[in-house]
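[1] Everything below, folded, please.
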Amino acid sequence: MAPLFDYKAYDRGGKIQKGTIEAETQKAARLKLKKQDLIVTQIQEQDPTKQRSSKDIPFLGGRIGVKDISLMTRQLASLVKANIPLVESLSALVEQTESPKLKGILSQVRQDVNEGSSLAKALRQHPKAFDNIFINMVEAGETSGTLSLVLMRLADFKEAQLRLRNKVISGMTYPALMMAVAVLLLIIIFTFVIPKLTKIFESMNKPVPLTTEVLIFISGTLTEYWYLILTGTLVLFWLFKKRIATPEGRLKWDRFKLKVAIFGPLIRMVAVTRFASTMSTLLGSGVPIITSMNIARNIVDNTVLAKAIEAARENITEGQSIAEPLRRSGEFPPLVIHMIAIGEKTGELPQMLQNVAHTYEEQVNARVESMTALLEPIMIVGMGGVVGFIVMSIFVPLLEISNIN
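    Coordinates of the predicted model:
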């Protein structure tokens, strides 16, 4: 990435303009600003060491988030709808954007547009910030002259994606945290507490119940062979990652995820929601159906469902229906197939897909809430059973020994 330069300049109206521009040298930066009819008064290269603030540190906001892109898209849509020229709209976004990375990208996009590039072509130079959905929709909006409407739909789409992801993450965070704490406590008990009690049993030279022997065996294995267990776990994880990196392995893993109890239906619902909302947004914005299917195929993040979508795309190229190959695959719920078939017959496919997306988004919310409510008591009962087993295995023999004495 080329260096970034902070500048202060005056426009034709005498107003002060401040911003950031990307260029190879300061001279090149001045030349770019001159082409934008700006009179530069101050320009200075940003210090790379200072650029790496907390926002650029991994896990502390270095990545450009969906929320930043969504807000930027909605602001751009409002500016374009108000008939403000695109270059001026982008200049306003550069000033308003708080993310340093997004500010630099928008500055470059503005420069490319000012030099005669289309907005879609300028955005395509930054694939890490703008995905295929974003670029194709912007291109369709520019072609059809409905850019502001398309940008509004894009903002709604990004916000819906963010809501869905946050709902799933927030619903799974508490059970995952409880599980992690429970595992940590069990490791502490088995590696530090039980070995000390084992010495007491050994010193008394008395027979102990079978459950106590099992507990002592588990504790001894963990304390003596922990490095082998850790190494074996890491090796198995590496082999698993290597396996699912292959097409065949990924297909089997994705098929397993769809069939696993409790979580399988939720994974399928999330994938269907992504497919329906993506297709609805793209088709409603004028993106060709073949291109829309190609993008939706990658969005579902499941090779089993992606193969079904690919079959439907091939059906379209032959002038046939979308719904039939999806029905044959057996991977999409009957309601989805029915709604798509109606949409194809009535010519209202984008609206029908939008209805599907809303329906399944509500189902995902309800499923996550019910799963969270169900997992908590199950985990409490499970932990109670484990703790009860440990207590019985340790304190019962201790009591028996004390009674004998």
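
[2] What is the helix or strand containing residue 149 packed up against?
    Residue 149 belongs to helix 147-188 when elements are defined using DSSP states H and E. The helices and strands touching helix 147-188, judged by 3 or more Cβ pairs under 8 Å, 6 or more residues apart in numbering; DSSP states H and E, are helix 66-81, helix 132-144, helix 263-284, helix 349-404. Placement of C-beta: from N, CA and C, glycine included.

[3] Figure out how far it is from the centre of its chain.
    Helix 147-188 has its C-alpha centroid displaced from the chain centroid by 8 Å (Cα atoms, centre = their mean, to the nearest Å).

[4] and it, average pLDDT?
    Mean pLDDT, helix 147-188: 80.

[5] Also stretch 70-89?
    Confidence over stretch 70-89 (mean pLDDT, whole number) is 88.

[6] In that stretch, which residues are buried?
    Across stretch 70-89, burial judged by 16 or more other Cβ atoms under 10 Å covers 70-80, 86-87, 89.

[7] centroid residue for the protein?
    Nearest to the mean C-alpha position of the chain, counting by Cα atoms, centre = their mean, stands residue 165 at 6.5 Å.

[8] nearest to residue 244, of the buried residues of stretch 70-89?
    Nearest to residue 244 among those, counting by Cβ to Cβ, is residue 70 at 30.8 Å.

[9] so who does the closest one touch?
    Residues in contact with residue 70 (Cβ atoms under 8 Å, 6 or more residues apart in numbering) are 155, 158, 159, 162.

[10] Let me see the mean pLDDT of the host helix or strand of residue 342.
    Element membership for residue 342, per DSSP H and E: helix 334-346. Mean pLDDT, computed over helix 334-346, is 89.

[11] Which elements pack onto it?
    helix 323-329, helix 349-404.

[12] can you dump the C-alpha coordinates of it into PDB?
    Taking Å, rounded to 0.1, in the frame of the first residue of the first chain, the C-alpha atoms of helix 334-346 are listed here in PDB:
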ATOM      1  CA  PRO A 334     -40.000 -27.200   1.200                       C
ATOM      2  CA  LEU A 335     -41.100 -23.700   2.200                       C
ATOM      3  CA  VAL A 336     -38.100 -22.100   0.400                       C
ATOM      4  CA  ILE A 337     -38.700 -24.200  -2.700                       C
ATOM      5  CA  HIS A 338     -42.400 -23.300  -2.800                       C
ATOM      6  CA  MET A 339     -41.700 -19.600  -2.400                       C
ATOM      7  CA  ILE A 340     -39.100 -19.600  -5.100                       C
ATOM      8  CA  ALA A 341     -41.400 -21.500  -7.500                       C
ATOM      9  CA  ILE A 342     -44.200 -19.000  -6.900                       C
ATOM     10  CA  GLY A 343     -41.700 -16.100  -7.400                       C
ATOM     11  CA  GLU A 344     -40.600 -17.500 -10.700                       C
ATOM     12  CA  LYS A 345     -44.200 -18.000 -11.900                       C
ATOM     13  CA  THR A 346     -45.300 -14.500 -10.900                       C
END
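
[13] Which residues does it contact?
    Outside helix 334-346, the residues that reach it (Cβ under 8 Å, 6+ apart) are 272, 276, 321-323, 326-327, 348-353, 355-356, 359-360.

[14] 6 Å instead?
    Helix 334-346 is contacted by residues 272, 321, 322, 323, 326, 327, 349, 352, 356 when judged by Cβ atoms under 6 Å, 6 or more residues apart in numbering.

[15] burial measure for residue 216, as a count.
    Residues lying near residue 216 (other Cβ atoms under 10 Å) number 20.

[16] related to what we said a few turns ago, with residue 107 as the reference, name the closest of the helices and strands packed on helix 147-188.
    Residue 107 lies closest to helix 66-81 among these, at 12.7 Å (Cβ to Cβ).

[17] from the chain's centre, how far out does the closest one sit?
    Offset of helix 66-81 from its chain centre (Cα atoms, centre = their mean): 20 Å.

[18] again with stretch 114-133
    Its chain's C-alpha centre and that of stretch 114-133 lie 21 Å apart, by Cα atoms, centre = their mean.

[19] same check, this time on stretch 72-84
    Centre-to-centre, stretch 72-84 and its host chain are 26 Å apart (Cα atoms, centre = their mean).

[20] Residues in contact with the helix or strand residue 101 falls within: which ones?
    Using DSSP H and E, the element containing residue 101 is helix 100-114. Applying Cβ under 6 Å, 6+ apart, the contact partners of helix 100-114 are 4, 20-22, 32, 36, 64, 68, 86-87, 90, 93-94, 97, 119, 122, 126, 129.

[21] same deal with stretch 184-202?
    Applying Cβ under 6 Å, 6+ apart, the external contacts of stretch 184-202 come out as 208, 216, 219, 222, 223, 394.

[22] Tell me how many other residues surround the fourth one.
    The number of residues packed around residue 222, counting by other Cβ under 10 Å, is 16.

[23] ok but it is inside a helix, no?
    Yes. Judged by DSSP: H, G, I helix; E, B strand; the rest coil, residue 222 forms part of a helix.

[24] Spatially nearest residue to it, not counting backbone neighbours?
    In this structure, residue 222 finds its nearest non-sequential neighbour in residue 190, 5.0 Å apart by Cβ to Cβ, 6 or more residues apart in numbering.

[25] on that earlier part again, and the helices and strands packed on helix 334-346, which one is worst for confidence?
    helix 349-404 - the lowest mean pLDDT of the helices and strands packed on helix 334-346, at a mean of 80.

[26] Distance from the chain centre to that helix, please.
    With Cα atoms, centre = their mean as the basis, helix 349-404 stands 24 Å off its chain's centre.

[27] about what we covered before: okay, the helices and strands packed on helix 334-346, which one's buried deepest?
    Of all these, helix 323-329 carries the top mean neighbour count, a mean of 19, counting by mean count of other Cβ atoms under 10 Å.

[28] can you list contacts of that helix?
    308, 311, 312, 315, 332, 337, 340, 341.

[29] tell me the contacts of the residue lying closest to residue 154 once chain neighbours are set aside?
    Nearest-residue entry for residue 154: residue 73, 5.1 Å, with adjacent residues in sequence omitted and distances by Cβ to Cβ, 6+ apart. Residue 73 makes contact with 151, 154, 155 under the criterion Cβ under 6 Å, 6+ apart.
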